[in-house]
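1. fold the following.
(4 chains)
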There are 2 protein chains.
Amino acid sequence: MLNDIIFYSLDKTIKQYRQFAQANIDRAGFDITIDQWLVLTVIGESPELGQAEIADRVFKDQASVARIIELLVKKKLLHQTASQTDRRRIVRKLTKEGKQLLEAVAPIISRNRAIALNELEPAAIDQLRDTLETIFTNCRFAHKLANEPVSD
Amino acid sequence: MLNDIIFYSLDKTIKQYRQFAQANIDRAGFDITIDQWLVLTVIGESPELGQAEIADRVFKDQASVARIIELLVKKKLLHQTASQTDRRRIVRKLTKEGKQLLEAVAPIISRNRAIALNELEPAAIDQLRDTLETIFTNCRFAHKLANEPVSD
DNA sequence: TTTTATTTAATGATATATCATAGATTTGCT
DNA sequence: AGCAAATCTATGATATATCATTAAATAAAA
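-> I've put the predicted structure just below:
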């Protein structure tokens, strides 16, 4: 049974959460995806980050972040201008609409999380976090080990 | 900190696992994605299932399954013929190559899982499964409640 | 100061996710 | 039988994921 496979449970759970959380945002009438919201939030908190650094934080690919940013700009939630000091870089700034949208969506996100964690003791959540962290570390270690086998 | 948010941890962990697991399949020289492998496995076990039922089992969308199947056929891992008894349906059958690939990849998948769960007690894994199941149920319940508010 | 290496963003190609809908077929109801 | 509802696959549109590569600019090295 697929449910016995822990990675299937992980995948299933995160997908169900996303579906539920996105539906609540949609229902409230906001035109933004969870991923866009996440990237916009990070930029709002740290506007000086480059795409690769944003990608690191949200655990996405640089290319994915680039395309999400493109959409955020198209939606006029984010404003970009070329940096004067380093012309490879781009200076990002949330628009007024961007800030307002973040604020408006924040309580929905909080509520979603609370509902999802309903009936779970704080200890169980801590334990979940720890276990996930262990799995993450195991995978990352093995992945890096295989990809960079010899250090010179 | 994003790491405090349990759904970020979930997302991050599953992504790291996928990356690591896929890299091992690639490195072994097999031309198949984890998702394709999953769908192929389910079809191998239950060839009578329709796209929607397969989608249910692997927790994907029917449309996603349709496109994954399309690729499996293109790769000659799967064979399809129109059903004689119900011409909406399609009879699926793994090709010899499909079966061989599944067998060849199986030990890699097992090893990936074992590595990912390294140092975790069985009790911790059970607990993880339970907690994920609770979150899943919470989200599904809330989602259904909102989408089908009145039962007639 | 040229050359080389690195950084940054953009983009092509392909795979998957999601929602919606179309088209064909079958089933259920009357 | 005849129509409506349900079923099944295919596909369009858009968003995201992933890998690879390019182009431009800067930093580091020779």
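2. now do the lengthiest helix in chain A and helix B:122-147, the angle between them.
-> Of all the segments assigned as helix in chain A under DSSP state H, the longest by residue count is helix A:122-147. Angle, helix A:122-147 to helix B:122-147, by axes from the mean of the first three to the mean of the last three C-alpha atoms, to 10 degrees: 110 degrees.
3. which strands or helices does helix A:122-147 pack on?
-> In this structure, helix A:122-147 packs against helix B:6-27, helix B:96-116, helix B:122-147, with contacts taken as 3 or more C-beta pairs under 8 Å, 6 or more residues apart in numbering or on different chains; DSSP states H and E. Just so you know, the C-beta spots here come from the backbone N, C-alpha and C atoms, and that holds for glycine as well.
4. is there proximity between the longest one and DNA strand C?
-> No. For helix B:122-147 and DNA strand C, the contact criterion (C-beta under 7 Å from any atom of the strand) is not met; the two come no nearer than 9.5 Å.
5. how's chain A carved up into domains?
-> A:2-118, A:119-152 (automatic domain parsing).
6. of all the ones you listed, which one is nearest residue B:80?
-> If you check each of those against residue B:80 by C-beta to C-beta, domain A:2-118 wins as the nearest, at 22.8 Å.
7. which outside residues touch the host helix or strand of residue A:55?
-> Assigned by DSSP states H and E, residue A:55 belongs to helix A:51-58. By C-beta atoms under 8 Å, 6 or more residues apart in numbering or on different chains, the list of residues contacting helix A:51-58 from outside reads A:35, A:38-39, A:42-43, A:46, A:49, A:60-62, A:64-66, A:69, B:2.
8. just checking the distance from stretch A:33-46 to the centre of its chain.
-> Stretch A:33-46 sits 7 Å away from the centroid of its parent chain (C-alpha atoms, centre = their mean, to the nearest Å).
9. same thing with stretch A:97-117?
-> Stretch A:97-117 has its C-alpha centroid displaced from the chain centroid by 13 Å (C-alpha atoms, centre = their mean).
10. using PDB, write out every CA atom in it.
-> Listed next in PDB are the C-alpha coordinates belonging to stretch A:97-117 (Å, rounded to 0.1, in the frame of the first residue of the first chain):
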ATOM      1  CA  GLU A  97      -0.700  47.000  -4.000                       C
ATOM      2  CA  GLY A  98       1.900  44.400  -3.200                       C
ATOM      3  CA  LYS A  99       2.200  45.500   0.400                       C
ATOM      4  CA  GLN A 100      -1.600  45.700   0.700                       C
ATOM      5  CA  LEU A 101      -2.100  42.300  -0.800                       C
ATOM      6  CA  LEU A 102       0.500  40.700   1.600                       C
ATOM      7  CA  GLU A 103      -1.300  42.300   4.600                       C
ATOM      8  CA  ALA A 104      -4.700  41.200   3.400                       C
ATOM      9  CA  VAL A 105      -3.600  37.600   2.800                       C
ATOM     10  CA  ALA A 106      -1.600  37.200   6.000                       C
ATOM     11  CA  PRO A 107      -4.500  36.400   8.200                       C
ATOM     12  CA  ILE A 108      -5.800  33.800   5.700                       C
ATOM     13  CA  ILE A 109      -2.400  32.100   5.700                       C
ATOM     14  CA  SER A 110      -2.400  32.000   9.500                       C
ATOM     15  CA  ARG A 111      -5.800  30.600   9.700                       C
ATOM     16  CA  ASN A 112      -4.900  27.900   7.100                       C
ATOM     17  CA  ARG A 113      -2.000  26.800   9.100                       C
ATOM     18  CA  ALA A 114      -3.900  26.700  12.300                       C
ATOM     19  CA  ILE A 115      -6.700  24.600  10.800                       C
ATOM     20  CA  ALA A 116      -4.100  22.300   9.300                       C
ATOM     21  CA  LEU A 117      -2.500  21.700  12.600                       C
END
